[in-house]
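[1] Mind folding the following:
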Amino acid sequence: MREVRERREELVQRVPRLQLLFTALLVVIGSFYWFAQVVRGEYYRELADNNRTRSEAVPAPRGLVLDRDGRLLAENAPSYNLTMDASRSLDPARALAFVAGVLDEPVAALGVLHAERYGQPGDQTVLLAENLTLTEVARLAAFELEFPEFEIEAGHRRLYRHGPQTAHLLGYVGQVSPAELEEREAELSAGNLVGKRGVERAFDRVLRGADGERVRIVDSRGRTRDQFTRESARPGRDLELTLDLALQQEAARYFEGRAGAAVAMDPRNGEILAMVSAPSYDPNLFSRRLDREQWQALLTAPGDPLQNRAVQNAHSPGSVFKIVMAVAGLSENVVSLRDSVHCSGSTRIYDRQTRCWKRGGHGTVDLRRAIKESCDVYFYHLGQKLGIERIAEYSRRFGFGTETGFDIPGERSGLVPDAAWSLRVRKAPWYPGETISVAIGQGPILVTPIQMATMMAVMANRGEAVTPHIVRDSTLSVRRPSRLDPQFLEPVREALWAVVNEYGTGSAARIQGFDIAGKTGTVQVVRQDTWTRSEDLEEQFRDHAWFAAYGPVEDPRLVVVAFVEHGGAGSRAAAPLAKRLYEVYLEHAGAG
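    As a prediction, the model looks like this:
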């Protein structure tokens with residue numbers, strides 16, 4: 001009994017200590033529970049949610065692009081893309097074989113594509129196919145339970161309604177590059193689509209809008225069970241262009257099978273009504289991912305179709321440059337309207353015999369007739385009197401040698417040569433004989449078609465200049481004075497009317513009842529010592545053709561510039577296009 005009593009007393013003494021121990025354990029457990037549930041509760045709830053939710057960006061629809069009459073040029077079409085998450089696949093090889101059968105693609109090609117795109121840090125899914133047909137979508141959806149690694153994403157792709165006809169103006173969109181991402185890190189993220197060329201690039205911030213956010217609730221196998229929008233996407237703003245689709249399409253049709261460029265502009269405000277570059281490309285190709293072979297094929301295609309010849313290609317202006325020469329000669333008082341030169345078909349200047357384009361010569365010509373019939377000999381002598389420095393000065397007053405301010409990036413400034421340029425660039429002095437070539441628009445002087453259009457606008461506006469632009473913007477539609485005296489433009493304007501309406505070199509552009517003033521130009525590609533016709537040469541050696549015009553003469557509303565590479569004479573290759581554009585303008589644009 002005593003022994004039992006002693007043990008009982010010993011147990012009684014241990015109870016408080018056990019109670020203290022259990023209390024301490026409960027406090028510790030309670031503390032951990034409180035810390036997990038209260039202090040770190042939000043963190044663990046977020047982890048739990050992330051195990052069953054997927055947060056995705058919802059791309060904002062890009063703004064629409066419309067012409068001046070509200071006709072759609074660029075829009076967003078429904079698109080279905082196929083993605084694959086190999087981490088959810090029990091048999092990736094079998095899954096790829098199934099998809100290859102649905103898409104009618106080689107299994108090996110899909111396997112290579114998957115290997116290239118999968119396995120990067122942070123990747124969960126890879127894009128296997130774009131722009132699925134509804135039939136393909138239905139077949140894939142029917143096997144959703146058997147192949148949970150595949151998912152069909154509904155979205156939209158950029159659709160350019162008129163394809164190659166508007167490609168160089170509108171441009172296209174593509175995935176943001178690392179350089180663009182670094183430059184615009186505050187507004188872009190990896191995988192975003194941005195404008196790459198043309199209007200799409202120049203006005204990307206306007207067209208892009210703001211992406212939204214969607215949350216998907218998935219099960220243990222990653223299959224979507226529910227979804228909701230956390231933040232709605234804000235669509236981009238629509239963009240109205242100054243483009244006249246009828247003029248654009250007519251110019252594009254003319255250049256089928258040809259290379260060159262055309263610009264149609266309203267000289268009153270600088271609005272571009274048409275701008276075509278040929279050969280062209282289909283911007284809808286970029287609505288899906290191009291592989292290396294496809295991209296390389298575009299880069300190496302004959303005629304460099306990705307280049308916008310209207311703003312990026314500069315050529316010698318040929319005889320259109322005689323407009324600048326005539327205004328400079330009158331302004332500097334080195335020639336008068338009464339002065340004349342005899343043209344026998346050639347002349348000798350600086351101990352060099354120089355030919356006129358007309359073998360038999362033009363006879364005795366004054367300034368008006370020299371412009372009308374494009375007599376080279378007259379302008380050789382005028383160039384000798386002016387000298388290269390004054391020629392360069394008036395070229396710049398007309399806007400040559402500098403960018404026009406066109407609102408699409410990539411414009412070239414062309415070249416106005418002078419003695420300083422020759423020393424700086426060629427490391428050689430300027431020779432007087434070179435001035436004679438420049439006097440008729442040959443040699444190193446280079447202009448783009450859009451620069452030629454702004455020069456003709458100055459003539460149309462009797463000395464006032466405009467800034468060409470493709471997006472309607474009242475701040476850009478303002479005339480500004482040039483450093484040219486209108487009194488010396490008027491005789492040249494009258495001569496340009498005669499070029500078209502008095503059987504001059506531009507008579508192919510004549511329209512009864514609608515007075516057009518213009519000037520033809522022909523640029524030699526290879527030097528000739530004989531009077532061989534350009535049409536008799538191989539195509540790559542034929543002359544380039546220019547025609548620049550404005551009309552109607554008394555109230556000019558349309559400037560047209562046409563440039564046809566290796567087209568031969570401007571009177572035969574370029575002037576007819578201008579006539580067609582004026583006729584379309586009269587019919588569709590309400591010239592009355």
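
[2] SS state for the residue nearest to residue 569 when sequence neighbours are not counted?
    With CB to CB, 6 or more residues apart in numbering as the criterion, residue 569 has its nearest non-adjacent residue at 5.2 Å, and that residue is residue 522. Just so you know, the C-beta spots here come from the backbone N, C-alpha and C atoms, and that holds for glycine as well. Classification of residue 522 by DSSP: H, G, I helix; E, B strand; the rest coil places it in strand.

[3] Can you give me the neighbour number for residue 522?
    Residues near residue 522, counting by other CB atoms under 10 Å, number 28.

[4] Tell me what it is bridged to.
    In this structure, residue 522 has beta-bridge partners residue 545, where bridges are defined by DSSP bridges.

[5] Tell me which residues touch it, please.
    By CB atoms under 8 Å, 6 or more residues apart in numbering, the contact set of residue 522 is 318-319, 357, 534, 543-546, 568-570.

[6] rerun at 10 Å
    318-320, 357, 374, 440-442, 505, 534, 542-547, 567-574 (CB atoms under 10 Å, 6 or more residues apart in numbering).

[7] how close does it sit to residue 362?
    Taking CB to CB, to the nearest Å as the measure, residue 522 and residue 362 are separated by 15 Å.

[8] thinking again about what came up before, look up the pLDDT of the residue nearest to residue 569 for me, please.
    Taken from the predicted model, the pLDDT recorded for residue 522 is 92.

[9] any idea how far it lies from residue 450?
    Residue 522 sits 20 Å away from residue 450 when distances are taken as CB to CB.

[10] Quick check: end-to-end length of stretch 167-180?
    According to CA to CA, to the nearest Å, stretch 167-180 extends 22 Å from its N-terminal end residue to its C-terminal end residue.

[11] For it, buried residues please.
    Using 16 or more other CB atoms under 10 Å as the burial criterion, the residues of stretch 167-180 that qualify are 167-174, 176, 180.

[12] so of these, which ones are in strands?
    With DSSP state E as the criterion, strands contain 173-174 from among these.

[13] Including pLDDT, could the buried residues of stretch 167-180 go into a markdown table?
    Formatted as a markdown table, the entries for these read as follows, by pLDDT from 0 to 100:
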| residue | pLDDT |
| --- | --- |
| 167 | 97 |
| 168 | 97 |
| 169 | 97 |
| 170 | 97 |
| 171 | 96 |
| 172 | 94 |
| 173 | 92 |
| 174 | 88 |
| 176 | 83 |
| 180 | 85 |
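
[14] helix, strand or coil for residue 290?
    coil.

[15] which residues touch it?
    Contact criterion CB under 10 Å, 6+ apart gives 174, 296-298 as the residues in contact with residue 290.

[16] Just the pLDDT at the residue positioned nearest the centre of the chain, thanks.
    Most central in the chain under CA atoms, centre = their mean is residue 198, positioned 2.1 Å from the mean C-alpha point. Each residue has a pLDDT score; the one for residue 198 is 96.

[17] just residue 161 next, same as before
    Here, the pLDDT recorded for residue 161 equals 95.

[18] One more: residue 289?
    In the prediction, the pLDDT value recorded for residue 289 is 69.

[19] Distance from stretch 513-523 to the middle of the chain?
    Here stretch 513-523 shows a centroid-to-chain-centroid distance of 28 Å under the convention CA atoms, centre = their mean, to the nearest Å.

[20] list the buried ones in it?
    Under the neighbour-count rule (16+ other CB under 10 Å), stretch 513-523 has 515-523 buried.

[21] could I have that stretch exported to CSV, CA atoms only?
    Extracted in CSV, the C-alpha atoms of stretch 513-523 (Å, rounded to 0.1, in the frame of the first residue of the first chain):
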residue,chain,number,x,y,z
GLY,A,513,-12.1,70.1,-120.4
PHE,A,514,-9.7,69.5,-117.5
ASP,A,515,-6.4,71.5,-117.8
ILE,A,516,-3.4,69.7,-116.5
ALA,A,517,0.1,71.2,-116.2
GLY,A,518,3.0,68.8,-116.0
LYS,A,519,6.5,67.8,-117.0
THR,A,520,8.0,64.6,-118.3
GLY,A,521,11.4,63.2,-117.4
THR,A,522,13.6,60.5,-118.7
VAL,A,523,16.6,59.3,-116.8
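
[22] how much space between residue 555 and residue 25?
    Residue 555 sits at a distance of 99 Å from residue 25 (criterion: CB to CB).

[23] Check whether residue 132 really touches residue 83, as I assumed.
    No: the pair residue 132 / residue 83 is not scored as a contact, 11.1 Å apart, by CB atoms under 10 Å.

[24] Tell me which of these two has more neighbours.
    With neighbours defined as other CB under 10 Å, residue 132 and residue 83 compare such that residue 132 has more, 20 against 16.

[25] I'd like the contacts of residue 290 as CSV, with secondary structure appended.
    Shown next, in CSV, are these (three-state DSSP):
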residue, secondary structure
174, strand
296, helix
297, helix
298, helix
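
[26] so, if you compare these, which one comes nearest to residue 280?
    Proximity of those to residue 280, judged by CB to CB, is greatest for residue 298, which lies at 11.3 Å.

[27] Can you read off the pLDDT for the closest one?
    pLDDT, read off for residue 298, is 85.

[28] Tell me where the model's unsure across the chain.
    Low-confidence segments of the chain, defined by pLDDT under 70: 1-15, 18, 32-54, 56, 108-125, 216, 218-230, 289, 526-541, 589-592.

[29] Would you map out the domains in it?
    55-240, 245-282+307-588 (automatic domain parsing).

[30] Please name the residues that touch the residue lying closest to residue 443 once chain neighbours are set aside.
    Of all residues beyond its chain neighbours, the one nearest residue 443 is residue 437 (3.7 Å), with distances taken as CB to CB, 6+ apart. With contact set as CB under 10 Å, 6+ apart, residue 437 has these partners: 316, 354, 380, 383, 431, 443-445, 524, 527.

[31] Pull up the overlap in contacts between residue 132 and residue 83.
    Shared between the contact lists of residue 132 and residue 83 (criterion: CB under 10 Å, 6+ apart) are residues 152-153.

[32] if we can go back for a sec, the residue nearest to residue 443 belongs to a strand, doesn't it?
    No: the assignment for residue 437 (three-state DSSP) gives helix, which keeps it out of a strand.

[33] can you tell me how far it sits from residue 367?
    Residue 437 sits 20 Å away from residue 367, taking CB to CB as the criterion.

[34] can you check residue 398 too?
    For residue 398, the distance to residue 367 - CB to CB - is 17 Å.

[35] in the stretch 151-300 of the chain, which spans are strands?
    Taking DSSP state E, counting those that start in this stretch, the strands of the stretch 151-300 of the chain run over residues 173-175, 193-195, 212-218, 224-231, 239-240, 260-265, 272-278.

[36] What are the contacting residues of the second one?
    Translated: strand 193-195. For strand 193-195, with CB under 10 Å, 6+ apart as the criterion, the contacting residues are 59-60, 62, 157-158, 170-177, 180-181, 184, 187-188, 200-208, 286-287.

[37] now, which of these lie within helices?
    Using DSSP state H, 170, 180-181, 200-202, 204-208 are the members of these that sit in helices.

[38] Narrow those residues to just the buried residues.
    Buried positions within the ones in helices among the contacts of strand 193-195, assessed by neighbour count (16+ other CB under 10 Å), are 170, 180-181, 200-202, 204, 206-208.

[39] can you tell me which of those lies nearest to residue 391?
    Comparing those against residue 391 with CB to CB places residue 202 closest, at 33.6 Å.

[40] Sweet, I'm off.
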